[in-house]
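[1] Sequence and predicted structure below; questions after.
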Amino acid sequence: MKFGLQLGYWGAGPIVGAPELVAAAEDSGFDAVFTAESWGSDAYTPLSWWGSSTQRVRLGTAVAQLSARPPTSLAMAALTLDHLSGGRHIIGLGVSGPQVVEGWYGQPFGAPLARTREYVRIVRDVLARAERVTSDGDHYPLPYPASAAGATGLGKPLKAITHPLRADLPVWLGAEGPRNVAQTAEIADGWLAVFFSLGLAEQYNTWLDEGFARPGARRSRADFEVAANCQVVVTDDVAAAIDRYRPSTALYVGGMGAKEKNFHADLYRRMGYGAAVDEIGRLFQAGRKAEAVAAVPDEMVRETMIAGTFDEVKTQIAQWESAGVTMLMVTARETETIKALGRLAG
């Protein structure tokens with residue numbers, strides 16, 4: 001089992017002690033370091049800044065939001081970082097949700113699967129640098145149609161000036177629903193599982209296998225990476241660990257999405273927590289956040305967590321590995337925790 005350090009996105013300010021965390025991850029044998037973005041800090045700037053002090057760990061975005069950049073712009077950032085890091089970049093992409101896409105980026109959220117497929121294809125075309133990049137898709141037409149409002153008609157197909165270090169730079173996709181996970185297995189090199197649950201592992205693997213079986217699928221189970229966000233806590237007090245992460249569960253279920261469409265809430269419903277999800281959402285949307293946190297059942301937090309004594313944690317890690325997970329993405333914020341996880345990986 002590999003470990004990745006998920007630094008995530010910033011709150012009101014930069015992550016405290018991030019350079020030390022990154023150094024500890026590299027020294028402790030972590031495979032990768034990841035950043036994220038929501039509607040504040042971006043994913044690429046911190047990754048390139050913190051990653052500049054490393055030599056070995058892979059550097060991934062988990063995730064960069066599709067609507068934040070046109071696919072050609074994302075490909076430019078990716079090929080640049082891959083050069084600067086000596087071929088260590090992982091492109092991690094996700095569609096986000098309608099509140100962010102339409103409220104923050106001013107883009108339509110519709111047809112997320114088709115948008116993702118088109119986006120990834122254009123990114124790969126840029127990186128392949130085989131010919132000038134064009135696209136006749138509905139979402140990212142290149143060149144911009146001469147007949148469209150405001151167009152000059154002067155756009156022409158272009159090829160990247162800079163030669164990518166790797167034409168086949170890995171693309172991992174964040175996905176939660178059945179169709180999205182299946183498409184991820186079909187067109188991507190890895191799956192970023194936001195909330196992985198052993199209870200749903202058989203279902204996840206069915207969705208993945210559907211994608212692997214499609215004509216033209218890029219990968220098979222043997223060379224496809226499954227990176228699962230997971231809190232891994234070595235402790236004799238599992239109850240305290242659950243309390244520590246209860247607010248995060250409440251936030252994602254109740255506050256990270258609209259009442260009408262919250263993919264995280266839908267995922268927890270699939271796990272069997274429909275009644276709790278409804279109550280948490282009701283309280284969160286009413287501004288009663290403390291009550292929403294209190295309404296999160298222990299087992300709901302425990303569902304996506306590995307916790308216990310050192311030996312218990314090793315056993316649980318083996319169970320996740322048997323379920324198909326190849327990397328655990330942890331959000332540790334103390335160097336000692338990172339060092340302890342490194343001993344687990346060893």
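    It's in. Numbering: from 1, shown residues only.

[2] all contacts plus neighbour counts: C-alpha atoms, from now on.
    Fine.

[3] got the buried residues for the helix or strand harbouring Arg246?
    Assigned by DSSP states H and E, Arg246 belongs to helix 238-254. Residues of helix 238-254 classed as buried by neighbour count (16 or more other CA atoms under 10 Å): Val238, Ala241, Ile242, Tyr245, Arg246, Pro247, Thr249, Ala250, Leu251, Val253, Gly254.

[4] which ones are touching the first one?
    Just to be clear, that refers to Val238. Shown in contact with Val238 (CA atoms under 8 Å, 6 or more residues apart in numbering): Ala307, Gly308.

[5] cool, and the third one?
    When contacts are counted by CA under 8 Å, 6+ apart, Ile242 touches Asp298, Val301, Arg302.

[6] mind checking how far it is from Trp320?
    Distance, Ile242 to Trp320, using CA to CA, to the nearest Å: 19 Å.

[7] Equivalent analysis for the fifth one, please.
    Look at Arg246 and Trp320: by CA to CA, they are 21 Å apart.

[8] Tell me which stretches of this protein form helices.
    18-27, 44-51, 71-84, 98-103, 112-128, 178-187, 201-212, 238-254, 263-270, 274-285, 289-294, 298-302, 310-322, 335-345 (DSSP state H).

[9] circling back to that earlier point, of the contacts of Ile242, closest to Ser147?
    Ser147 lies nearest to Val301 out of the contacts of Ile242, by CA to CA, at 52.1 Å.

[10] doesn't Tyr245 make contact with the closest one?
    Yes. Counting by CA atoms under 8 Å, Val301 touches Tyr245, with 7.0 Å between them.

[11] Where does pLDDT dip in this structure?
    257-259, 346 (pLDDT under 70).

[12] check contacts around Trp10.
    Counted by CA under 8 Å, 6+ apart, Trp10 has contacts Glu37, Gly40, Ser41.

[13] could I get those as a markdown table with distance to Asp189 and neighbour count?
    Supplementary listing: those in a markdown table, determined by distance: CA to CA, whole Å; neighbours: other CA atoms under 10 Å:
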| residue | distance to Asp189 | neighbour count |
| --- | --- | --- |
| Glu37 | 21 | 19 |
| Gly40 | 28 | 11 |
| Ser41 | 26 | 18 |
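
[14] quick check, nearest of these to Leu142?
    When the contacts of Trp10 are ranked by distance to Leu142 (CA to CA), Glu37 comes first, at 26.2 Å.

[15] Just give me the residue closest to the centre of this structure.
    Ala62 (3.4 Å; CA atoms, centre = their mean).

[16] wait, doesn't that residue sit right on Val95?
    No. Ala62 is beyond contact range of Val95, at 11.4 Å (criterion: CA under 8 Å).

[17] who touches both of the two?
    Common neighbours of Ala62 and Val95 (CA under 8 Å, 6+ apart) are Gly174.

[18] measure the closest residue to Ser48 other than its chain neighbours to Arg166 for me?
    Leaving out its chain neighbours, the residue that sits closest to Ser48 by CA to CA, 6 or more residues apart in numbering is Leu81, at 6.7 Å. Using CA to CA, Leu81 is found at 11 Å from Arg166.

[19] One more: Leu59?
    Distance from Leu59 to Arg166, by CA to CA: 14 Å.

[20] ok, those two, which is more surrounded?
    Remark: of Leu59 and Arg166, Leu59 carries more neighbours, 29 against 16, as counted by other CA atoms under 10 Å.

[21] ok, now which ones touch that one?
    Ala32, Val33, Phe34, Leu47, Gly51, Arg88, His89, Ile90.

[22] Scan the contacts of Ile242 and report the most crowded one.
    Within the contacts of Ile242, most neighbours by other CA under 10 Å means Val301, with 20 neighbours.

[23] And the contacts of Ile242, which is closest to Asp209?
    Once CA to CA is applied, the member of the contacts of Ile242 that ends up nearest Asp209 is Arg302, at 26.6 Å.

[24] Leaving out the residues flanking it, which one is nearest to Ser28?
    Distances taken as CA to CA, 6+ apart put Gly342 closest to Ser28, at 4.8 Å, once the chain neighbours are dropped.

[25] quick one on the thing from earlier: in CSV: the contacts of Ile242, plus distance to Pro14.
    Output for the contacts of Ile242, formatted as CSV (distance: CA to CA, whole Å):
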residue, distance to Pro14
Asp298, 30
Val301, 26
Arg302, 28
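
[26] Return the closest of these with respect to Leu200.
    Proximity of the contacts of Ile242 to Leu200 (CA to CA) peaks at Arg302, which lies at 13.7 Å.
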